[in-house]
Structure formats: C-alpha cells, structure tokens
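Novice: Take this sequence and fold it.
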Amino acid sequence: MNLKMTRVIREMTQMELMKRSGVPQCRISHAEKGYLHLNAAEKQRIEKSLNMKDSIDWEEKEK
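Specialist: From the prediction side, this is the model:
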C-alpha cells in the first residue's frame, strides 16, 4: 500500500499528516506523486503518525 492509500484509509488529509508528523505538506504531496523520496527520518515520523510500521510501499507512487 502506498503513502496516499494509507493516508486516505486513515481518513487523514495531507495537512493533518503534516501537523502530526512535522513533514511539510508539499513534501508529502510530492512523495505521494513520486516526485521526491523522503529521507529516513521523515518516513519514520509519517509511519508513526499513521500508526503504521513497515506497511507503506515507499517506492509505489500514486496511480
């Protein structure tokens, strides 16, 4: 499951994820579209904010 699918299933907007994770909304958006690869610290903060661990396919972009 990619980042966007995970976020939508959790019924969270990019802004809400930004507030919870501290990762800027523009970086979340670009990561969801496959334009940018988040660093390890950002991935960890997002996974924690979404209550996920090793379930996000970081290489799969939005379809």
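
Novice: mind checking how far residue 39 is from residue 51?
Specialist: Taking CB to CB, to the nearest Å as the measure, residue 39 falls 21 Å from residue 51. No exception for glycine: its C-beta is placed from N, CA and C like everyone else's.

Novice: Please read the previous query as pertaining to residue 10.
Specialist: 8 Å.

Novice: Now do residue 3: how many residues are near it, please.
Specialist: 26 (other CB atoms under 10 Å).

Novice: Give the full set of residues in contact with it.
Specialist: 28, 31-32, 46, 56, 58 (CB atoms under 8 Å, 6 or more residues apart in numbering).

Novice: and the residue nearest to residue 24 when sequence neighbours are not counted, what does it touch?
Specialist: Closest residue to residue 24 apart from its sequence neighbours, by CB to CB, 6 or more residues apart in numbering: residue 18 at 6.2 Å. Residue 18 makes contact with 24-25, 28, according to CB under 8 Å, 6+ apart.

Novice: let's go with 10 Å and repeat that
Specialist: When contacts are counted by CB atoms under 10 Å, 6 or more residues apart in numbering, residue 18 touches 12, 24-29, 46, 49.

Novice: secondary structure class for it?
Specialist: Assigned with DSSP: H, G, I helix; E, B strand; the rest coil, residue 18 falls in the helix class.

Novice: Against residue 28, how distant is it?
Specialist: 6 Å.

Novice: likewise residue 4?
Specialist: 9 Å.

Novice: now do residue 42
Specialist: 9 Å.

Novice: what residues do the two have in common as contacts?
Specialist: 21, 36.

Novice: Are any of the contacts of residue 3 buried, and if so which?
Specialist: Among the contacts of residue 3, those buried by neighbour count (16 or more other CB atoms under 10 Å) are 28, 31-32, 46, 56.
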